[in-house]
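Trainee: Structure here, sequence nowhere to be found:
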């Protein structure tokens, strides 16, 4: 009965990347996670193949930008990751890209490499979570919905502190004026 978090990122809706972002978002929309359920991004959007509706776009492979099937699906996983953190839920499996991305702050991305790298988290709430995903005017929006009491009145904020090539991410929880 309540939107407990939302996060959005901007992308170019044209071309293969825009198509891949839309395809991944459609597969994710209206997903329900019961208490204790584990979310696996690869299980939801995969396999990342042309047979599953994905097309060629720029991907990051071994720190280099190259053309590959599914460019853009990691923007969706990174957007989910940030919405998930804003709920106060930590990932059970997550890896950053081998090269910085421009759609989320450094240290706040989540990559996918079919068959080897997944992004996962568990619904740690006592209530179900519904994940809504939609695209609008070059933005992807991810919303987490649950019971209004799910976060116990705590507001969460993920902050990335960057030092050279290293980013350390911290999750802060605030209840009223208290930290």
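Mentor: Yep, that arrived. All values reported here derive from a predicted model rather than from experimental measurement.

Trainee: Please count neighbours and contacts with C-alpha atoms only from this point.
Mentor: Noted.

Trainee: ok, now which ones touch residue 171?
Mentor: Residue 171 makes contact with 85, 88, 156, 157, 158, 159, according to CA atoms under 8 Å, 6 or more residues apart in numbering.

Trainee: model confidence over the helix or strand encompassing it, on average?
Mentor: Element membership for residue 171, per DSSP states H and E: strand 166-174. Here strand 166-174 scores 93 as its mean pLDDT.

Trainee: and it, how far out from the chain's middle?
Mentor: 16 Å (CA atoms, centre = their mean, to the nearest Å).

Trainee: Strand partners (parallel or antiparallel) of it?
Mentor: strand 155-163 (antiparallel) (DSSP bridges).

Trainee: Give me the contacts around the partner strand.
Mentor: With CA under 8 Å, 6+ apart, strand 155-163 has contacts from 82, 85-88, 105-108, 167-175.

Trainee: Go again with 10 Å.
Mentor: With contact meaning CA atoms under 10 Å, 6 or more residues apart in numbering, strand 155-163 is reached by 4-5, 82-89, 105-108, 166-176, 179.

Trainee: If you average the pLDDT over it, what comes out?
Mentor: pLDDT averaged over strand 155-163 gives 94.

Trainee: Could you list the buried residues of that strand?
Mentor: 155, 156, 157, 158, 159 (16 or more other CA atoms under 10 Å).

Trainee: SS state for the residue most central in space within the chain?
Mentor: Of all residues in the chain, the one closest to the mean position by CA atoms, centre = their mean is residue 80, 2.3 Å from it. Here residue 80 is recorded as helix under DSSP: H, G, I helix; E, B strand; the rest coil.

Trainee: need the contact list for the nearest residue to it once chain neighbours are set aside.
Mentor: Closest residue in space to residue 80, ignoring its immediate chain neighbours: residue 142 at 6.0 Å, by CA to CA, 6 or more residues apart in numbering. Contacts for residue 142 (CA under 10 Å, 6+ apart) come out as 5-9, 25, 28-29, 76-77, 79-84, 131-135.

Trainee: Repeat the analysis, applying 6 Å as the threshold.
Mentor: Residues counted as contacts of residue 142 (CA atoms under 6 Å, 6 or more residues apart in numbering) are 6, 7, 132, 133.

Trainee: which of those count as buried?
Mentor: 6, 7, 132, 133.
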